[in-house]
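Asker: sequence unknown, structure follows:
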């Protein structure tokens, strides 16, 4: 996901929070394609605590499907 995709999907008015997370290195941005990745510790925590799947992430799944 790129920054603007994140902004659109979350409805954020700006990217200040995301840029702060990138600055703190909790979110990592690929310099090649501008794609965002979670820090491995955050990724693992999200997987364990939130257990994302197609049922509880329908909004994101629809957004990705509509883009393609």
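Answerer: Ah, there it is. Keep in mind that this is a model prediction, so the values were computed, not measured. Numbering: from 1, shown residues only.

Asker: list the buried ones in stretch 29-37?
Answerer: Neighbour counts using 16 or more other CB atoms under 10 Å place 29, 36 of stretch 29-37 among the buried residues. Every C-beta, even on glycine, is put in place using the N, C-alpha and C of the backbone.

Asker: name the residues that touch it?
Answerer: With CB atoms under 8 Å, 6 or more residues apart in numbering as the test, stretch 29-37 has contacts from 1-3, 6, 18, 22, 27-28, 43.

Asker: need the residues that contact the worst-scoring helix or strand of the chain on mean pLDDT.
Answerer: Across the helices and strands of the chain, mean confidence by mean pLDDT, DSSP states H and E is lowest for helix 58-67: a mean of 76. With CB under 8 Å, 6+ apart as the test, helix 58-67 has contacts from 5, 8-9, 54.

Asker: now, of those, which are buried?
Answerer: Taking 16+ other CB under 10 Å as the criterion, what is buried in the contacts of helix 58-67 is residue 5.

Asker: report the two of the contacts of helix 58-67 separated the most.
Answerer: With CB to CB as the measure, no two of the contacts of helix 58-67 lie farther apart than 8 and 54, at 20.2 Å.

Asker: ok, so what distance separates residue 35 from residue 59?
Answerer: Distance, residue 35 to residue 59, using CB to CB, to the nearest Å: 20 Å.

Asker: let's see which of the contacts of stretch 29-37 end up in helices.
Answerer: 3, 6, 18, 22, 43 (DSSP state H).

Asker: which residues does residue 5 contact?
Answerer: Listed by CB under 8 Å, 6+ apart, the contact set of residue 5 reads 63, 67.

Asker: at 7 Å instead, please
Answerer: By CB atoms under 7 Å, 6 or more residues apart in numbering, the contact set of residue 5 is empty.

Asker: and the spatially closest residue to residue 26 that is not a sequence neighbour, what's its pLDDT?
Answerer: Spatial nearest neighbour of residue 26, chain neighbours left out: residue 39 (5.0 Å); criterion: CB to CB, 6 or more residues apart in numbering. With respect to pLDDT, residue 39 scores 93.
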